[in-house]
Every structure is written in structure tokens, then in C-alpha cells.
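**Student:** dropping the sequence and predicted coords here.
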2 protein chains.
Amino acid sequence: MIGSTIAHLAVQQGARVTILDAMLPAYGGNIFNLHGIFDAIQFVQGDIRDPAVGQSLVKETDYLFNLAGQVSYVDSNTDPFLDLDINCKGHLQMLEACRQVGAKARLVFASSRFVYGRIDYNPVDENHPFNCLSIYGIHKLAGEKYYRFYQEAYGLDTVSVRIANPYGPRQQMKHSKYGILNWFIRLALEGKPLTIFGEGRQSRDYIFVEDLAEAMLALALSPGTAGQVYNLGSATSTPFVEMAHLVAAAVPGTEVIQVEWPADRYFVETGDYVSDIGKINAAVGWRPRTTIQEGVSRTVEYYRKYRDKYW
Amino acid sequence: MIGSTIAHLAVQQGARVTILDAMLPAYGGNIFNLHGIFDAIQFVQGDIRDPAVGQSLVKETDYLFNLAGQVSYVDSNTDPFLDLDINCKGHLQMLEACRQVGAKARLVFASSRFVYGRIDYNPVDENHPFNCLSIYGIHKLAGEKYYRFYQEAYGLDTVSVRIANPYGPRQQMKHSKYGILNWFIRLALEGKPLTIFGEGRQSRDYIFVEDLAEAMLALALSPGTAGQVYNLGSATSTPFVEMAHLVAAAVPGTEVIQVEWPADRYFVETGDYVSDIGKINAAVGWRPRTTIQEGVSRTVEYYRKYRDKYW
């Protein structure tokens, strides 16, 4: 989702784009995401866990958006070793490859709001403690520290972003392990009800993928951000139940139902979250442009049109 | 060094002790460290990277001091994958083993002052930022977060310590990749000069291993510390040059020489460091009892006596 959206934007702006994707079945790789730009770019199927892959690609690259990862925090807890292998070892290998070939690329690493885990205060700024509640969050934190270390120690040009809850066109729609807003859109389009735990007052910061892609490009093009980490969200707090009703409004006839919290609440509820985006705004002037109403509406429109490409 | 010192103390206090060590050649495993208690304990040679090892040991254990690790921050940068394999994957496997067998053990994890990396202020308290300057520091941080996560998510009983610069009897004396104070003692005992970079004003917090072992036992025996992390140091700042002169004074005839800083200073100098130990003192009442003069003198005495067992 995020990588292909950046690619569309970069191609529009005249960049020569290479996409590396392992196309692992559980994740979001989908050739249709490149619809409209496929002939303009180079596509390579490969895995960052393969040491040869990085070496072959990084030398001629000016900007590298490293979004590769195990992306489900739920799965990170059931299979911590897979998460370790991709989110730590894979990224270390990419950085080692960059160091070894003397890469000049600007590297943008996708970290996550999950590094904060249990939230002590809102809005969350970059100095919030790391109360990681998932293996995913722990490994994303390690990833950020790798990118910073390789910048300080070896002069690689790196910057990281802690992404809130991304949603929008081109996300996988096969399962609900991550990306709940998109999953609700699938359910709505299938005429199924949307289920809320309890009162659904827990709030999230949903960031539309096109805004997100613009922010990452802006950071990539701002050398003064080297070695830094930035929150990347909408800075808007949306209660879960409200998000569900927005989806229901965009797909008329959708029912929203409320049930009790499940027993394993620890693993599904991390507390309210809203990003403080003052740091990225001060650094590159970026602000999100898309309201959640507009973002949901455009996402619904996309999947109405291309549903058969996604599930 | 640390594990065997805890073992000596625990045996004195009537505990039944099992020691697991992989006896990797570059590290500190030395059967002579168990001199005097070998017949009273169970010794198992095994590696925490072997998933079967944890499972077989954790079930009947009440207190587990997990000191296993790749221990050189220098080597962590030249071989980050080995460090990842031991310091992340190895510890994850131990925690998974504990979770799977429903272990009741209290787990004490040895983290390091290296999680702080470049120091912003002294004395350093537990809220100091993580400016990790080594892969070792990054992986120790991940380790702490694992132990905390398994405590919060699965109810394992864990606590972590961030150890300053440990020294004392029973450290390996084969190389200088870690444990510079002990290495200076070896050089002095061999009649070689001690080399200082620049003026040697960079200060360190040297903690005598017996004090350290007492602190770790005290923490293990204090259930209120579950899920917490504590600095563990002497709370005394000693300039490098002063440490060298203390060693020289303990081994009469030793020369101290000063040379220019090497070009790769980034990797040898992390800035002054002294621990704030208010948190551990408040939690368990522990304070170090051994001055550096006394600790150096006892360490010199030990290696004078048992030199042939160490190099």
C-alpha cells in the first residue's frame, strides 16, 4: 500500500523507480497496485532477508524507502522469530549492504506508533516512553536505532517515521490482521455488519495513505532531517465507533453492532492514540490534507471499482 | 564473571544452583570460576540459541539470572548478525521456553549502560534517552523490552539491570575487547605499560563484581521489582587515567603512558558515564560496598594467585 503509493507519486514527479517486494502471501504485495505505472518502473521480486538482494540494488539508488517488513503486530506475538528475521535481520542486512557498497542513498525507514505501546499521554510526541506491547513494536524500535546508528557511525543518510494507523487504496483486503479501517470497508462492501468492542470509545489516528506518501517524499527530499525520527499521523483523534459509522455512511445499508470486549483484550487494545506532528511540520512544512470523511469515501470508491483485484 | 560470582554467593546462602554456559571461546566461560563450588552445583554446557536448552532447564527453576550474551560492543559492530543471534534470538527463545512451560521463575536480565550510548547528562538515570552507539546497545535495549513484554503480556516475573563497567575476579583475561580495567591488570602483572588515549579524562563507573552480584540477588528476592529496569553501578565517577594509576599503584613498577586518540574514536569513546542508582537503592536498599581502590587490590590479588588459570 504505502510503497506503491509513493511509487505513483514519484513517477508523476519524474523519478526513475525500482520496487523490491518479496510478495509474501500474508502481506500486501499486489501487482495491481502498480496499475498505471507498471511499464514506467522496474519491478524486482526479492526478499530483504536475502543478503544478495540489497547489494544488487542499493548502489545506484538516490532515495530508498524501506517499507519492507512483517507488518502484523498480532502475528509478531504468535511468531516472534519471523518478526525478528524480517524486521531486525532483514533491515540490518540492507544497512550492511549500503555500508559495504558505500551507498549515497537517502534511506527512509518506516517505523510505527507501536514503539510507544501503552500510551501515557496524548497527543504523543517523539519523546514519549517506549512501553512496547508487542514484539512488532520492540523490533520497530530496534530498526529505528539501526538506521540512526548507521547514520552516526558510518555516515549513511537515514531518517525514520513512526506511522500512525494508515488506510486507503491499495492495502491488502485478504485478512483483518492489520488495517482495521480498510477491513471494515471490505465488510461493508460485502454487506456484513461492523463489530465494535464495548462502547468503541478508544481513539485512533487514521492517516490517509496519499498524505503519508507525500510526507515521506518530503522527508526524503529534506537533508536536514538526517538521523531524526518523526511521528507521521493525521494529528486527529477518531473514536473507533465513529470510524465505523463513517464507513457505514460511505456504504449505505451497513450495520454497526456492539459486543463485549474479548478476554484477550491486552492484545487488541493499546489505549487512545493521537500523534503530535509538530516536529515533522517544523522540519518540512508537511500537514495532512485529507479529512477522514474524504479518505474513507475515496477508499470505498477505489475498492468498489477494483474489488476483484483484492479479494 | 558475573554468573559465577552470583553462583558462589547463592551457594553460600544455601541455594541449589545450576549453571548453563555455552563456553564459547571468545567469552568468559572458565570452569575454574567454579573453583570451590563445582561439586555443589550442576553445570550444563549449552547455548541459549538452542531452543531445547531453555525448555529443559526453566521448569524447575525459582530464580534465573540470564547473563548469557555476546558481550563485546566492539564485536557487535563488526559482526551485528552474531550479536542479533545471541542477544535477541537467544533471549527470545528463553522467554518463549518460559512461557511455554508456564515457568514460575523470577527472571533477572543483564542489560547494559550501553543502551544509553552517547550521554546527554550525568549522573544517568533510567529515563535518559537511548542514544545507542553500538549494535550491542540496540540489542540490549530490545532484550529489556522483551523481558518487560513477557512480564506484561504473559505474566512472567522479570526484572532487568543496566550494568555499568563491571570488573573483578573471574573475568576472562584473554583479550581486551571488553573489561578494560581487568585488561590493565593483566598488562600490569606482565610488566607492560598501560596506555591512555589523550588526557584520559573520560570518566567511567566501575562496579566491583561482588557488589554487582549482591545487587542482582537482592533484586531477584524483591517481588515488587517485577517489570522494572534498574541502573546498576557504583555511582562513582572515575577518570580513565585515575583508574590506570590505581592499577599501577596496586602493581608496583607499572608505567602509565599517554598517546594520541586513534582515528576511529567514535567507536571507543561514548562520553563520561556515571550511574544514578537512586532507583535500585529505593527498591531494595542496595548500595555498593567496595571502593575502587579495594576492588582493584582484590582483583590484582586474585590474578596474582590464579594467573595460570586465565592466560
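**Tutor:** Arrived safely, thanks for sending. Numbers count the residues shown, from 1 in each chain, chains lettered A, B, ... in the order given.
**Student:** what does chain A have sitting close to chain B?
**Tutor:** Within chain A, the positions near chain B by CB under 8 Å from any CB of the partner chain are A:77, A:80-81, A:84, A:88-89, A:92, A:96, A:127, A:129-130, A:132-135, A:137-139, A:141-142, A:145-146, A:148-149, A:152-153, A:266-267. Heads up, the C-betas are built off the backbone N, CA and C, glycines and all.
**Student:** helices - which of the residues you listed land there?
**Tutor:** Within the residues of chain A next to chain B, residues falling in helices by DSSP state H are A:77, A:80-81, A:92, A:96, A:135, A:137-139, A:141-142, A:145-146, A:148-149, A:152-153.
**Student:** out of the residues you listed, which end up buried?
**Tutor:** Buried subset of these (neighbour count, 16 or more other CB atoms under 10 Å in any protein chain shown): A:77, A:80, A:92, A:96, A:135, A:137-139, A:141-142, A:145-146, A:148-149, A:152-153.
**Student:** of those, closest to residue A:192?
**Tutor:** residue A:77 (26.5 Å; CB to CB).
**Student:** the closest one against residue B:153, yeah?
**Tutor:** Yes. Using CB atoms under 8 Å, residue A:77 is in contact with residue B:153, at 7.1 Å.
**Student:** helix or strand right after the lowest-mean-pLDDT helix or strand in chain A?
**Tutor:** In chain A, no helix or strand scores lower on mean pLDDT, DSSP states H and E than helix A:51-58, which sits at a mean of 85. Per DSSP states H and E, the first helix or strand lying C-terminal to helix A:51-58 is strand A:63-66.
**Student:** show me what that following strand is packed against.
**Tutor:** Applying 3 or more CB pairs under 8 Å, 6 or more residues apart in numbering or on different chains; DSSP states H and E, one finds that strand A:63-66 contacts helix A:2-12, helix A:91-101, strand A:106-112, helix A:209-220.
**Student:** can you put those in TSV and add mean pLDDT?
**Tutor:** TSV is the format used below for the helices and strands packed on strand A:63-66 (pLDDT from 0 to 100):
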stretch	mean pLDDT
helix A:2-12	98
helix A:91-101	95
strand A:106-112	97
helix A:209-220	98
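**Student:** which residues does residue A:199 contact?
**Tutor:** A:241, A:258 (CB atoms under 8 Å, 6 or more residues apart in numbering or on different chains).
**Student:** export stretch A:71-82 to PDB, keeping only CA atoms.
**Tutor:** The C-alpha coordinates for stretch A:71-82 follow below in PDB (Å, rounded to 0.1, in the frame of the first residue of the first chain):
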ATOM      1  CA  VAL A  71       3.500  -5.900   9.300                       C
ATOM      2  CA  SER A  72       1.100  -7.500  11.700                       C
ATOM      3  CA  TYR A  73       1.600  -6.800  15.400                       C
ATOM      4  CA  VAL A  74      -0.700  -9.700  16.200                       C
ATOM      5  CA  ASP A  75       1.400 -12.100  14.200                       C
ATOM      6  CA  SER A  76       4.600 -10.700  15.800                       C
ATOM      7  CA  ASN A  77       3.400 -12.100  19.100                       C
ATOM      8  CA  THR A  78       2.500 -15.500  17.800                       C
ATOM      9  CA  ASP A  79       5.600 -15.800  15.700                       C
ATOM     10  CA  PRO A  80       8.300 -13.600  17.300                       C
ATOM     11  CA  PHE A  81      11.100 -15.300  15.300                       C
ATOM     12  CA  LEU A  82       9.600 -14.500  11.900                       C
END
